[in-house]
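With the input below, show me the fold.
(one chain, ligands or ions: 2)
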Amino acid sequence: MAHFGDHQSSIYFNGMFLGQTPDLPTDLTSLEERAAEVLSPEALGYIVPSAGGGATARANVAAFDRWRIVPRMLRDHAVRDLATEVLGTSMAAPVLLGPVGVQTLAHPEGELASARAAAAVGLPYVHSTQASHSIEEVAAAVGDGPRWYQLYWPTDPELCESFLSRAAFAGYTHLVVTLDTTLLGWRPRDLDRGYLPFLQAVGIANYTSDPVFLRRLEKSVEEDPGAAGIAFASVFPNPGLDWSQLAWLRERWDGPILLKGIQHVDDARLAAEHGMDGIVVSNHGGRQVDGAVASLDQLPAIAEAVGDRLAVLFDSGIRSGPDVVKALALGADAVLLGRPFLYGLALAGQVGVEHVLRCLLAEVDLTLGNAGYASHRELSRDSLAPTPR
Ligand SMILES: Cc1cc2nc3c(=O)[nH]c(=O)nc-3n(C[C@H](O)[C@H](O)[C@H](O)COP(=O)(O)O)c2cc1C
Ligand SMILES: CCCCCCC(=O)C(=O)O
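Ligands and ions are numbered 1, 2, ... in the order given. As a prediction, the model looks like this:
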């Protein structure tokens, strides 16, 4: 029987933990509505919307509706197990907390609360370069839990090396290199407000805690609070990156490397040819290229092309347990959760994130069990049928 963490004062259903906070909704759409009531206008405008008119973000969610699970009967599922391993990292279920920056916008404890929640539930935490808490602070918050580091590859090679060595020293084992944000996308909600969290201290703790970055500043942050934002803006955009540079990265990171933002089957093949260990099929939740394909629509062909050579992770649009089941059946080894855990964070800090994770995993477990599966490993394309049009 699946069980995710130990807590008192819990609600149990079918023997599973459903969360510590009965005052929070258990479906993620209602949770988003509740979070919208507590987030500041700036935070709401940054977190929820996407690039442009939001066509790709809507397509991400709609793509899940084009598939239906086909339940099987009389298949023993009394003992169910969601535990899995991805590239040597053990996890309670095939779900990771995806890299999300500037989380203090949602709650004062920001990434520390989310990292603690991930560790309590037994899921890996992927720490963003763009976080509002440093690499080292978040490593301490995760404790013994699995730690992955997400790299925004800066133009300054010395700064990049510094990020990598700090992450390795702090015990992060896997590197997730985000490729789809070499230039920040067109985001009208932020532009209209003239608000960009990264130009302020809230979004650049990893930079302002870095000795190489601090050397770039002509004046100290205390003397000129805007100096760090300007220095950040000079190293972040990196549109000159190309495939040949992955060799440089490989020489500087001992553990597995995954490329995040893959949407084209040829790029998935290139990732394998360049000696990468995994990919994240993702369009950044529609926050970068509005009008881009729905991420789920690209997953089956990519998994078929490289699934035997690379770990294939997926994100963009996961909003429920059945969504997780569908992505796994279409070839993902695991999925990354994005916005939904931020809504739990906004509403109740660590407890709110745990609530989201436990509800999601309980729904995955029940969906699998009632569809006749004892484990996600039994899923295949035959577990789904296209929705009749
Ligand atoms: C507020 C916010 C901040 C994000 N920050 C990062 C980041 O720092 N690095 C990164 O690789 N992806 C970042 N992402 C993208 C997520 O990792 C993930 O790809 C996306 O949220 C998935 O889409 P979904 O939220 O619709 O599920 C961010 C997403 C959001 C909503
Ligand atoms: C100019 C900094 C961009 C950081 C992007 C953080 C992120 O991935 C997102 O907002 O999405």
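
Doesn't Tyr46 belong to a helix?
Yes - if the criterion is DSSP: H, G, I helix; E, B strand; the rest coil, then Tyr46 is within a helix.

count of neighbours near it?
Each residue near Tyr46 was counted by other C-beta atoms under 10 Å, and the total is 24. Every C-beta, even on glycine, is put in place using the N, C-alpha and C of the backbone.

Check the closest residue to Ile69 other than its chain neighbours and give its pLDDT.
Take Ile69 and drop its neighbours on the chain: the residue closest to it by C-beta to C-beta, 6 or more residues apart in numbering is Ala371, 5.3 Å away. Note on Ala371: pLDDT of 98.

Surely Ala371 and Val325 touch.
Yes - with contact defined as C-beta atoms under 8 Å, Ala371 reaches Val325; the gap is 7.4 Å.

between these two, who's got more neighbours?
For Ala371 and Val325, the more surrounded residue by other C-beta under 10 Å is Val325, and the numbers stand at 25 against 20.

Can you report how many residues neighbour the closest residue to that one other than its chain neighbours?
In space, not counting the residues next to it along the chain, Val325 is nearest to Thr367; the distance is 5.1 Å by C-beta to C-beta, 6+ apart. Other residues within reach of Thr367 by the criterion other C-beta under 10 Å amount to 20.

which secondary structure element contains Thr367?
For Thr367, the element it lies in under DSSP states H and E is helix 339-370.

how about that helix, does it reach ligand 2?
No - Helix 339-370 stays clear of ligand 2 (C-beta under 6 Å from any ligand atom), getting no nearer than 10.1 Å.

Just the buried residues of that helix, please?
The neighbour-count criterion (16 or more other C-beta atoms under 10 Å) identifies 339-369 as the buried residues of helix 339-370.

what packs against whatever helix or strand comes next after that helix?
Note on helix 339-370: by DSSP H and E, the next helix or strand toward the C-terminus is strand 384-386. With contacts taken as 3 or more C-beta pairs under 8 Å, 6 or more residues apart in numbering; DSSP states H and E, strand 384-386 sits against strand 67-69.

what's the strand it packs on packed up against?
In this structure, strand 67-69 makes packing contacts with helix 321-329, strand 384-386, judged by 3+ C-beta pairs under 8 Å, 6+ apart.

Give the pairing partners of that strand; include direction for each.
Using DSSP bridges, the strands paired with strand 67-69 are strand 384-386 (antiparallel).

mean confidence for the strand it pairs with?
If you average the pLDDT values across strand 384-386, you get 98.

contact partners of it?
By C-beta atoms under 8 Å, 6 or more residues apart in numbering, the surrounding residues in contact with strand 384-386 are 66-70, 326, 329-330.

got the buried residues for that strand?
When burial is assessed from 16+ other C-beta under 10 Å, strand 384-386 yields the following buried residues: Leu384.

Could you pick out the buried ones from the contacts of strand 384-386?
The neighbour-count test (16+ other C-beta under 10 Å) marks 67, 69, 326, 329-330 as buried among the contacts of strand 384-386.

interface residues of this protein facing ligand 2?
Remark: the part of the chain in contact with ligand 2 comprises 101, 130, 181, 184, 198, 236, 284, 287, using C-beta under 6 Å from any ligand atom.

circling back: in TSV: the buried ones among the contacts of strand 384-386, plus pLDDT.
Shown next, in TSV, are the buried ones among the contacts of strand 384-386 (pLDDT from 0 to 100):
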residue	pLDDT
Trp67	98
Ile69	98
Lys326	99
Ala329	98
Leu330	99
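
Max pairwise distance over the residues you listed: which two?
Comparing every pair within the buried ones among the contacts of strand 384-386 by C-beta to C-beta identifies Ile69 and Leu330 as the most remote, at 11.4 Å.

Let me have the residues of the chain next to ligand 2 in TSV, adding pLDDT and secondary structure as columns.
Output for the residues of the chain next to ligand 2, formatted as TSV (pLDDT from 0 to 100; DSSP: H, G, I helix; E, B strand; the rest coil):
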residue	pLDDT	secondary structure
Gly101	97	coil
Gln130	97	coil
Thr181	98	coil
Leu184	96	coil
Phe198	83	helix
Phe236	96	coil
His284	98	helix
Arg287	98	coil
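
Please check these and keep the buried ones.
Those of the residues of the chain next to ligand 2 that meet the buried threshold are 101, 130, 181, 198, 236, 284, 287, by 16+ other C-beta under 10 Å.

And those residues, which is closest to Leu44?
Arg287 (14.4 Å).

The residue nearest to Val325 contacts Pro322, doesn't it?
Yes - counting by C-beta under 8 Å, Pro322 is a contact partner of Thr367 at 5.2 Å.

Give me the common contacts of these two.
When contacts are counted by C-beta under 8 Å, 6+ apart, Thr367 and Pro322 are jointly contacted by Ile69.

Can you give me the neighbour number for the nearest residue to Val61 once chain neighbours are set aside?
Beyond its immediate neighbours in the sequence, the residue positioned closest to Val61 (C-beta to C-beta, 6+ apart) is Gly317, lying 4.7 Å away. The burial metric for Gly317, expressed as a neighbour count using other C-beta under 10 Å, is 26.

sec struct for Glu85, please.
For Glu85, the assignment made with three-state DSSP gives strand.

was I right about it contacting Pro94?
No - distance between Glu85 and Pro94: 9.4 Å, which falls outside the contact criterion (C-beta under 8 Å).

and the helix holding Thr367, how far out from the chain's middle?
Using C-alpha atoms, centre = their mean, to the nearest Å, the distance from the centre of helix 339-370 to the centre of the chain it belongs to is 14 Å.

Next, the angle helix 321-329 makes with it.
80 degrees (axes from the mean of the first three to the mean of the last three C-alpha atoms, to 10 degrees).

close to ligand 1, is helix 339-370?
Yes - taking C-beta under 6 Å from any ligand atom as the criterion, helix 339-370 and ligand 1 are in contact, through Arg339.

For that helix, which helices and strands make contact with it?
Helix 339-370 sits against strand 16-17, helix 28-38, helix 41-47, strand 95-97, helix 110-121, helix 321-329, strand 334-337, with contacts defined as 3+ C-beta pairs under 8 Å, 6+ apart.
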